[in-house]
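Chemist: Got a predicted structure here, sequence first:
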Amino acid sequence: MSINRLADPSAGATSRETKASCAVSKCLQIQGLTPAALKSEFFYLNKFADIAELKTGLRRYIHYYNHQRIKLKLNGLSPVQYRTQASSC
């Protein structure tokens, strides 16, 4: 089930190549995500029965992405750990 069909069940089938709207892209970028990363690492790997399940999964993924995922570019720290370390200097 596509994200567009979850949001609007009356919507027709959409292509996987459909680009996210500017508002969605901006919200994701504020969280440090890109639409491509969100789709490939979260959305395409999971199935959602309803909007509530999608929202819960999205919250968990964003928390993981910012708090638990380590990046070699950030010296092996998560984004939050890196920002905290940088702001304490």
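Modeler: Alright, I've got the coordinates. Note that the coordinates shown come from a computational prediction; the quantities given were computed from them, not determined experimentally.
Chemist: Tell me who's in contact with the most centrally placed residue in the chain.
Modeler: Geometric centre of the chain, nearest residue: L38, 3.8 Å, by Cα atoms, centre = their mean. L38 sits next to L28, Y61 when contact means Cβ atoms under 8 Å, 6 or more residues apart in numbering. C-beta coordinates here come from the backbone N, C-alpha and C atoms, glycine included.
Chemist: That one - that's part of a strand, no?
Modeler: No. Judged by DSSP: H, G, I helix; E, B strand; the rest coil, L38 forms no part of a strand; its state is helix.
Chemist: Quick check: pLDDT value at it.
Modeler: If you check L38, the pLDDT there is 85.
Chemist: From Y44, how far off is it?
Modeler: Look at L38 and Y44: by Cβ to Cβ, to the nearest Å, they are 10 Å apart.
Chemist: Also D50?
Modeler: Distance from D50 to Y44, by Cβ to Cβ: 18 Å.
Chemist: go on, A86?
Modeler: From A86 to Y44 the distance is 33 Å (Cβ to Cβ).
Chemist: With T34 instead?
Modeler: 14 Å.
Chemist: repeat for T84
Modeler: T84 is 31 Å from Y44, by Cβ to Cβ.
Chemist: name the helices or strands packed onto the lengthiest helix in the chain?
Modeler: Ordering each helix of the chain by length in residues (DSSP state H) puts helix 51-63 first. Judged by 3 or more Cβ pairs under 8 Å, 6 or more residues apart in numbering; DSSP states H and E, the packing partners of helix 51-63 are helix 3-7.
Chemist: chain center to the following helix or strand past the helix it packs on: distance?
Modeler: Downstream of helix 3-7, the next assigned helix or strand under DSSP states H and E is helix 22-30. Its chain's C-alpha centre and that of helix 22-30 lie 10 Å apart, by Cα atoms, centre = their mean, to the nearest Å.
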